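>>> Need a 3D model of the sequence below.
(one chain, ligands or ions: 1)
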Amino acid sequence: MLDNGLILELASRLNNRVVIASEIDDGDLSGLDMEALTGRVSAFFSDKQGASILTKQILQQIILMIQEEKIPTAIEISRSGDFKPMAKEVDKKFGISESRLEKTGGTAADFTDYFRDRFRKLRDFVRANRSMLGGMLRGVDAIKQYADGREVSVIGMVYDKMVTKNGNILVTIEDENGTAKILFVKGSSPQAIEVFENSKKLVSDDVIAIKGKIYNKLVIVNSMAWPDIPIHEKKRTETDIGIAFMSDVHVGSKLFLEKQFGEMLRWLNGNVDSRKDLAGKVKYLIINGDVADGIGVYPNQDKDLAILDIYKQYSIFFDFLYSIPEYIEVFVTPGNHDAVQRAEPQPPLTKELLGSFAMDNVHIISNPSMLSIEGLKVLAYHGTSLDSVIQNIPNCSYSRPEIAMTEILKRRHLSPIYGGNIIVPSKSDALVIDEVPDILHMGHVHKNGVSDYHGTLIINSGTWQGRTAFQVKQGHIPTPGILPVYEGKSMTLSNVDFNNIL
Ligand SMILES: [Fe+2]
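Sure, this is the predicted structure:
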């Protein structure tokens with residue numbers, strides 16, 4: 001029997017003055033604001049003659065009216081008169097290098113080409129780790145030719161991993177010509193412990209170099225290297241400008257935080273007293289995807305939407321962009337909720353979604369994109385792969401996205417676990433992290449997190465959406481309404497919190 005708790009609740013709120021037709025079930029009412037619904041239903045029947053019967057058709061009309069009431073409206077913001085932003089006085093200095101968007105048929109041959117390119121690129125990064133080069137074999141196949149006790153190094157891609165009955169980790173690696181087995185043994189020295197802990201983090205398709213001794217046609221590993229990014233010096237910008245980071249705005253969701261977002265726009269315009277100096281330094285703003293909540297992204301999403309029209313979701317988002325001062329260069333990438341191709345790399349938001357929107361300072365770009373801002377390389381990627389990284393790599397969690405982002409940098413691949421999220425099997429793998437970024441920015445997990453790895457600043461900016469029912473079920477606590485701003489000259493990062501200054 002269907003649960004009818006919501007029907008009973010609505011009937012009781014209406015003091016049973018309205019008959020709820022039997023075609024309506026609890027599913028039609030779930031996720032609705034019962035107070036708003038009661039008010040609207042009462043108002044609808046208040047001046048009607050005859051029997052008051054709430055049919056499914058009337059209910060749908062009323063739900064639409066409630067949603068219209070919740071639609072955010074463009075915010076009229078004028079620049080504060082005493083606001084003299086220094087960012088307005090300095091010249092813009094940026095470049096955009098978008099992802100190569102190749103179209104392939106997704107055939108078996110396309111996937112072979114894709115993996116060959118991915119393997120070769122990552123192998124070159126591993127080779128840069130000089131400590132592993134002594135005794136390097138030409139391929140994994142060669143292991144079988146050597147006698148026990150011989151020390152060798154080899155580079156391979158992880159094909160498969162299992163824990164042996166003794167608790168050791170046996171990994172099959174492969175390259176273009178063959179496969180081999182390598183064994184990580186639990187040891188007691190600090191180096192052995194470190195290598196063994198690293199082996200626990202290995203996932204399919206990782207490319208690694210290992211060094212060890214041959215025993216019975218397998219290699220007992222005693223050291224291991226990732227493709228990794230080198231330790232590098234942090235760069236400063238010459239000009240005292242700020243770069244602001246934003247992601248997962250989710251316009252169209254009932255949980256879009258219009259008040260905090262509006263306050264942030266007022267802040268950028270010098271209308272909020274707190275950190276006004278910093279607001280005036282913001283010269284660049286990167287918006288990293290999920291700008292709209294989308295439609296049909298997950299089952300029954302319509303219940304969570306304040307705006308059911310996809311074009312309206314985008315037109316409201318673009319209306320917000322008109323409120324950003326024109327001297328701020330804005331970069332917008334798509335995310336998995338946006339209405340473009342889901343497979344990565346994702347093309348920019350389409351002309352169809354943009355409609356008549358056009359601003360010289362707003363740049364609609366692909367996901368991922370590498371930006372060059374005042375001499376800093378900023379890699380912007382939405383972060384859809386964080387789900388599979390968090391699920392598969394030990395110590396990664398939704399509460400600390402910066403740890404998962406570090407694992408991504410070590411692997412020099414934005415989507416290291418093949419199959420974790422959809423990718424286009426292009427001939428040249430655009431998700432390999434070719435250039436070492438000064439800043440890596442992601443979103444997607446709705447949790448603010450900042451870290452530094454080998455000189456690269458890692459930022460997950462968070463979200464502008466409240467806690468969803470899904471997140472409640474998952475026990476995930478998002479951090480909405482925070483805008484990280486990086487000052488390039490002093491190399492300081494501030495998280496400006498728009499929940500506190502409301
Ligand atoms: Fe996302």
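>>> Give me the helices and strands touching the host helix or strand of residue 112, please.
Residue 112 belongs to helix 108-127 when elements are defined using DSSP states H and E. Helix 108-127 is packed against strand 151-163, strand 207-215, with contacts defined by 3 or more C-beta pairs under 8 Å, 6 or more residues apart in numbering; DSSP states H and E. No exception for glycine: its C-beta is placed from N, CA and C like everyone else's.
>>> Only the buried residues of that helix, if you could.
Of all the residues in helix 108-127, those buried under the rule 16 or more other C-beta atoms under 10 Å are 110, 113, 114, 115, 117, 118, 119, 121, 122, 123, 125, 126.
>>> just stretch 367-381 next, same as before
In stretch 367-381, counting by 16+ other C-beta under 10 Å, buried: 367-371, 373-374, 376-381.
>>> Kindly report the same for stretch 427-437.
So stretch 427-437, judged by 16+ other C-beta under 10 Å, has buried residues 429, 430, 431, 432, 433, 436, 437.
>>> Looking at the third one now. What's its pLDDT?
If you check residue 431, the pLDDT there is 94.
>>> and residue 283, what does it touch?
The contact partners of residue 283, by C-beta atoms under 8 Å, 6 or more residues apart in numbering, come to 87, 90, 92, 239, 241, 242, 243, 327, 328, 329.
>>> Pull the number of nearby residues for the closest residue to residue 21 other than its chain neighbours.
Among residues not flanking residue 21 along the chain, residue 55 sits closest, at 4.8 Å (C-beta to C-beta, 6 or more residues apart in numbering). When neighbours are defined as other C-beta atoms under 10 Å, residue 55 has 13 of them.
>>> Residue 88 now?
14.
>>> wait, it sits on residue 281?
No: look at residue 88 against residue 281 with C-beta atoms under 8 Å: they stay out of range, at 10.4 Å.
>>> per-residue pLDDT, the spatially closest residue to residue 174 that is not a sequence neighbour?
Setting aside the residues directly before and after it, residue 174 is nearest to residue 159 in space (C-beta to C-beta, 6+ apart), at 4.7 Å. At residue 159, the model reports a pLDDT of 95.
>>> Check residue 15 too.
84.
>>> Quick check: it vs residue 289, distance?
Distance of residue 15 to residue 289, computed by C-beta to C-beta, to the nearest Å: 47 Å.
>>> Based on its surroundings, how many neighbours for residue 396?
22.
>>> and residue 159, what does it touch?
172, 173, 174, 179, 204 are the contacts of residue 159 under C-beta under 8 Å, 6+ apart.
>>> so, if you compare those residues, which one comes nearest to the ion?
residue 204 (22.9 Å; C-beta to the ion).
>>> thought that closest one was touching residue 158?
Yes: judged on C-beta under 8 Å, residue 204 makes contact with residue 158 at a distance of 5.7 Å.
>>> For the buried residues of helix 108-127, give me JSON lines that also has pLDDT.
Supplementary listing: those in JSON lines, determined by pLDDT from 0 to 100:
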{"residue": "110", "pLDDT": "84"}
{"residue": "113", "pLDDT": "88"}
{"residue": "114", "pLDDT": "89"}
{"residue": "115", "pLDDT": "90"}
{"residue": "117", "pLDDT": "93"}
{"residue": "118", "pLDDT": "94"}
{"residue": "119", "pLDDT": "95"}
{"residue": "121", "pLDDT": "95"}
{"residue": "122", "pLDDT": "96"}
{"residue": "123", "pLDDT": "94"}
{"residue": "125", "pLDDT": "94"}
{"residue": "126", "pLDDT": "93"}
